[in-house]
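Asker: Predicted model, plus sequence, below.
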Amino acid sequence: MNIDKVKDIAKRVRRKCELFSRSPEASKHDFYKTPDLVCMCAVASFALSKALNKSGIRNKVIKGYYGSEGHHCWVELKNGMIIDITATQFGIRQRVLIVSNDSLLFHKYKDGKPVCYQDLNSWDNQAPKKRLTKKIIDIDIPVKI
């Protein structure tokens, strides 16, 4: 697996999420105009997952906890690497955070039990609906020359 390719895709999706969060179309969402993509983890993770899948990179969206901050979503590659493009909401400086899945910050379990979420579509204005993630993926970002 080419980690540079993964990082490039993640950077582009992060930029698309930033652009979308400032658009008038995002005004009804909790993440509207949040510079650190607060409340956008599920939407951004599903958009990143879709972009990686289009490039043939197998992955899955994980629902769990970030540190003691509460519910969070991120993408995990088949090789166990975690890609988080919204960790900035927790004070992380990297716009694209890539760590191994044994990082102590990311938890799939709480009190020894798997984290159990309601359907992601019940997250109201944070729900990663297909229509929303498609709009983010479809944002055109010019390639730097």
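Answerer: Nice, thanks for sending it over.

Asker: Lowest mean pLDDT among the helices and strands of the chain, which one is it?
Answerer: Taking mean pLDDT, DSSP states H and E as the measure, strand 113-114 is the helix or strand of the chain with the lowest mean score, a mean of 56.

Asker: Now do the buried residues in the following helix or strand past that strand.
Answerer: Along the chain past strand 113-114, the next helix or strand (assigned with DSSP states H and E) turns out to be helix 130-137. Judged by neighbour count (16 or more other CB atoms under 10 Å), helix 130-137 contains these buried residues: Leu132, Thr133, Lys135, Ile136, Ile137. Any C-beta I mention is one placed from the backbone N, CA and C, and that applies to glycine too.

Asker: any chance of these in CSV, plus pLDDT?
Answerer: Below are the buried residues of helix 130-137 laid out as CSV (pLDDT from 0 to 100):
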residue, pLDDT
Leu132, 83
Thr133, 84
Lys135, 87
Ile136, 89
Ile137, 87
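
Asker: Turn these into TSV, columns for distance to Leu48.
Answerer: Shown next, in TSV, are the buried residues of helix 130-137 (distance: CB to CB, whole Å):
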residue	distance to Leu48
Leu132	13
Thr133	9
Lys135	14
Ile136	9
Ile137	9
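
Asker: Tell me the one of those residues nearest Lys28?
Answerer: Within the buried residues of helix 130-137, the smallest distance to Lys28 is 10.7 Å, found for Leu132 (CB to CB).

Asker: Once you drop chain neighbours, what's closest to the closest one?
Answerer: Leaving aside its sequence neighbours, Leu132 sits nearest to Val43 (CB to CB, 6 or more residues apart in numbering; 5.9 Å).

Asker: Between helix 130-137 and the helix or strand where the one you found lies, find me the angle.
Answerer: Element membership of Val43, judged by DSSP H and E, is helix 41-54. Between helix 41-54 and helix 130-137, the angle comes out at 70 degrees (axes from the mean of the first three to the mean of the last three CA atoms, to 10 degrees).

Asker: Output the contacting helices and strands for helix 41-54.
Answerer: Contacting helix 41-54 under the criterion 3 or more CB pairs under 8 Å, 6 or more residues apart in numbering; DSSP states H and E are the following elements: helix 3-21, strand 59-66, strand 70-77, strand 81-84, helix 130-137.
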